[in-house]
Structure formats: C-alpha cells, structure tokens
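Chemist: Return a 3D structure for these sequence lines:
(chains A and B)
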Protein chains: 2
Amino acid sequence: MSDLLNPMKEYSTIKWLASSTSEFWLEQAIANPIEILIDHAHCERKAAGSALQLMFRYLCEPGLAEALTPLVREELEHFELVLETIKSRGYYLKPLPAPPYGAALAKQIRKLEPQRMLDSFLVAGLIEARSHERMTLLSLHSPDEELRKLYGHLLESEARHFGLYWYLAEERCEREIVHNRMRELALFESEILATLHFEPRMHS
Amino acid sequence: MSDLLNPMKEYSTIKWLASSTSEFWLEQAIANPIEILIDHAHCERKAAGSALQLMFRYLCEPGLAEALTPLVREELEHFELVLETIKSRGYYLKPLPAPPYGAALAKQIRKLEPQRMLDSFLVAGLIEARSHERMTLLSLHSPDEELRKLYGHLLESEARHFGLYWYLAEERCEREIVHNRMRELALFESEILATLHFEPRMHS
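Modeler: Coordinates of the predicted model:
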C-alpha cells in the first residue's frame, strides 16, 4: 500500500502536523465508508458546537464572534451535505462512541487565561489540520467516486479553518509562544494517533 | 401613544400570542436603541445555541437535524448583521444581565419525554413569535430609519422559525395535544411579560 500513500506528504500542506497518517488508518477508513461518513457528520456538528462554545465563552473579545460565527455556519453546511449523502445511501445519523482523540486533546487545554484561549485555538486548529490531511487521503484514494468528490469539496475549508484559528492565536499572542505551544500540542496529537483506534473513525 | 400602536394587532400575525406587547415596552425600547440592539444580538446567538443544543439532544430523531441546522445558520447570519450595526455605531457586544423571560419559559419544559421534546419546540416557537411581534413594532415605530429597516429585514425569518418549530411539533404529536399545550404556554408567556422588566430588553 505504500505506493497508494505516496501522494500523502505532498498534499499534507499544513506543516504543523508532527506525523503523517498511517496507511492502516486509510485501509480501515476505506473499508468502512458509511461509518466514516456518519462519524464525519458528527465531527462537523461537534466542530460547529465547539466554535460556538468558544464564541460564547469569549463574547466580548473584539473580533472573535464575527470570525467564529461564519465558521460555525460553514461547519453546519458541511454537516447538512454529509447527512444528505448518508441519507441517499439509506442510512441516518446514529450515535457512535467517540475515539479518545478529542477528549485527550481537550485535556491539554490549560485552565488559566490567557493560556486557555490560546490552547483552545490551537487544539481546534490541529483537529482541522488532521481532518484536512485525512480528507485529502480519502479524496485521492477512496474507491467511491462520489465520496472522493465529497471529501475533496469539504477539505478545502478545513485548511481555511486551520488558518483562521492560527490567525486568531497569532493576533493575540507573541509568535514564538504560539509556535512553541503548537509544536508541543502537535507532538501530543501525533502520539494519540500512533496507535490505531479499533473502531473506524475520522480521528481513529 | 395608542395611535402609534394601532398597527400592532394587524401585524401580530402569529395568532398564538396570548397578549399584545404593551406601549410601555415600545417606549422603553425606542428610548434605548443600543441596549436593545446588543440584547438582540445576544438573543440571536442564544437562539442559535438553543437550536443546536436541541439538535444535539435529539440527534437520531429523523428529519430534525436537517431542519434545525439551517435555522441555526440563519440565526448566526442575523447575529453577524446586528453586530455589524452595533460596531458601525461605535459599540461592541457587552454582557447584559438577561431578563427573567427565557429562564422562566425554560422551566415550563417538562422533564420526561415525549413531553420534553414537544415543550422544547413550543417554547422556542413562542420566543420566536414574541420576537417577531416586537421587531414588527420596532420596524414600524423606531425613529431611526436604519433600525426600522434592520428589524423589518430580520422579523421575516422569526415568523418562519416559529412556523418551523410548530411544524416539528405537529409532525410528532397529535394536533389537539399541541394546541392545548401551546395555549397553556402562551398564557404563561404573557404573564411573564405583564410586568415590564426594569432593564430594556427584547423580552423585558
């Protein structure tokens, strides 16, 4: 499968990820297209929920609400698009136990301000970056043309969302602090994914 | 001021409201345009948050997620629009203590299903209906042309949102049950507003 994965590095344009996704993940994802689709719908709604929560928490922080609400709207548009695809295949949303990924990353967010805000941006950005990398893989290697197109369409905004969180962080903190913390978090993120989760998920 | 309020009934097209807004509220709102604008921005974001919360709670209820997420997106578009107007006048969001309205209504939501779902739809619908009625008043009687236009633009969707919650309720419960419960809740809603809250709010 290494040939299949050759284009991976080229398309992993978000330099902050500390490791590339393994071919085992891609095999698992391709073998379980519906479960990955449903999990992805959950990812989009959770991303919308987290961004809205951030906006609620820092309501009076100038420039934040108007940056985050368009992102929330876009996540929800994508949720609707993925749900349409799920329904067109005769399925609907169903609860899926989440992999440890999101909760483990959330635990890295420090409790005190201003670290809490910085970490919140960087963790949200990292999740977008990983989604972008994995959707790129699916858009290239899924044997299902409709899914290749769907993921290809969705992944563009994941990169933009990463950029937005990065911008929000750099706008409020010194560049060196942002870079150092991102490096730490990215290493941690890679460690979580080093062992493939047994259930097929976007972040297994 | 009774002349000023004559058009009120004509425009209060959502028949479920058990009483019309008093002229005292309109006087208070017109005298405090910025506070009402900021409070309205909070109302839009809270409406988005509540609808998203409903969607998260009933995730696997067929037809619900795809009905609610476009509503969330629209509430956020309105939030952005109101925030633009606030900023163009040299202000920004600020925390405003909420009037008792929302919490008092939320307490009426019964704890057990399926009543909980029905009440959630009806309470959300009632809030939209009241917003529609009050924005209609502002769109007619605000001395500020920009605000008349803004509220005139926003109020159309409040009526649609009421219709959506009503539809979601009737789709899942017998019409008589829905009507009876709505009557009860609407009476309660009117009682809350019978005493004008001392701070100017959309739902004071």
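Chemist: Setting aside sequence neighbours, what's the nearest residue to residue A:125?
Modeler: In this structure, residue A:125 finds its nearest non-sequential neighbour in residue A:165, 3.4 Å apart by C-beta to C-beta, 6 or more residues apart in numbering or on different chains. Every residue, glycine included, has its C-beta placed from N, CA and C.
Chemist: Next: residue A:196.
Modeler: Ranked by C-beta to C-beta, 6+ apart and with sequence neighbours excluded, the top spatial neighbour of residue A:196 is residue A:24, at 5.1 Å.
Chemist: about what we covered before: any idea how far residue A:49 is from the residue nearest to residue A:125?
Modeler: Using C-beta to C-beta, to the nearest Å, we find residue A:165 at a distance of 15 Å from residue A:49.
Chemist: higher neighbour count, these two?
Modeler: Set residue A:165 next to residue A:49 and count neighbours by other C-beta atoms under 10 Å in any protein chain shown: residue A:165 wins out with 24 against 18.
Chemist: what's the spacing between that one and residue B:196?
Modeler: For residue A:165 relative to residue B:196 (C-beta to C-beta), the value is 43 Å.
Chemist: So which residues on chain A come close to chain B?
Modeler: By C-beta under 8 Å from any C-beta of the partner chain, the part of chain A that sits against chain B consists of A:45, A:48-49, A:52, A:55-56, A:59-60, A:62, A:65-66, A:69-70, A:72-73, A:76-77, A:79-80, A:83-84, A:92-95.
Chemist: Beyond the helix or strand hosting residue A:39, next helix or strand please.
Modeler: Element membership for residue A:39, per DSSP states H and E: helix A:33-57. Sequence-wise, the next helix or strand downstream of helix A:33-57 (DSSP H and E) is helix A:65-88.
Chemist: residue ranges with poor pLDDT in chain A?
Modeler: Low-confidence segments of chain A (pLDDT under 70): A:1-14.
Chemist: Going by residue numbers, what spans are helices in it?
Modeler: Under the criterion DSSP state H, chain A contains helices at A:7-11, A:23-31, A:33-57, A:65-88, A:101-106, A:115-141, A:145-172, A:175-194.
Chemist: Out of these, which one sits most buried?
Modeler: Burial of those is given as mean neighbour count (mean count of other C-beta atoms under 10 Å in any protein chain shown); helix A:115-141 ranks first at a mean of 23.
Chemist: Can you name every helix or strand that that helix contacts?
Modeler: Under the contact criterion of 3 or more C-beta pairs under 8 Å, 6 or more residues apart in numbering or on different chains; DSSP states H and E, helix A:115-141 touches helix A:7-11, helix A:23-31, helix A:33-57, helix A:101-106, helix A:145-172, helix A:175-194.
Chemist: The third one - contacts with which helices or strands?
Modeler: Other helices and strands packing on helix A:33-57, by 3+ C-beta pairs under 8 Å, 6+ apart, are helix A:65-88, helix A:115-141, helix A:145-172, helix B:33-57, helix B:65-88.
Chemist: Next, format the ones you listed as JSON lines and append distance to residue B:20.
Modeler: Converted to JSON lines, those look like this (distance: least, C-beta to C-beta, whole Å):
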{"stretch": "helix A:65-88", "distance to residue B:20": "32"}
{"stretch": "helix A:115-141", "distance to residue B:20": "44"}
{"stretch": "helix A:145-172", "distance to residue B:20": "44"}
{"stretch": "helix B:33-57", "distance to residue B:20": "18"}
{"stretch": "helix B:65-88", "distance to residue B:20": "24"}
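Chemist: Quick one: closest of those helices to residue B:183.
Modeler: Minimum separation from residue B:183 across those (C-beta to C-beta) falls at helix B:33-57, 22.1 Å.
Chemist: Figure out how far the closest one is from the centre of its chain.
Modeler: Remark: helix B:33-57 is offset 9 Å from the chain centroid, using C-alpha atoms, centre = their mean, to the nearest Å.
Chemist: do you know how far residue A:146 is from residue B:85?
Modeler: As judged by C-beta to C-beta, residue A:146 and residue B:85 stand 42 Å apart.
Chemist: whoops, residue A:59 was the one
Modeler: As defined by C-beta to C-beta, residue A:59 lies at a distance of 17 Å from residue B:85.
Chemist: With residue A:134 instead?
Modeler: Noted for residue A:134: a distance of 40 Å to residue B:85, by C-beta to C-beta.
Chemist: Around residue A:144, count how many other residues there are.
Modeler: Number of residues near residue A:144 (other C-beta under 10 Å) recorded here: 13.
Chemist: ok, now which ones touch the closest residue to it other than its chain neighbours?
Modeler: Leaving aside its sequence neighbours, residue A:144 sits nearest to residue A:33 (C-beta to C-beta, 6+ apart; 6.1 Å). Contact analysis of residue A:33 by C-beta atoms under 8 Å, 6 or more residues apart in numbering or on different chains lists A:142, A:144, A:147.
Chemist: The same query, at a cut-off of 10 Å, please.
Modeler: Each residue near residue A:33 by C-beta atoms under 10 Å, 6 or more residues apart in numbering or on different chains is listed here: A:85, A:89, A:138, A:142, A:143, A:144, A:146, A:147, A:200.
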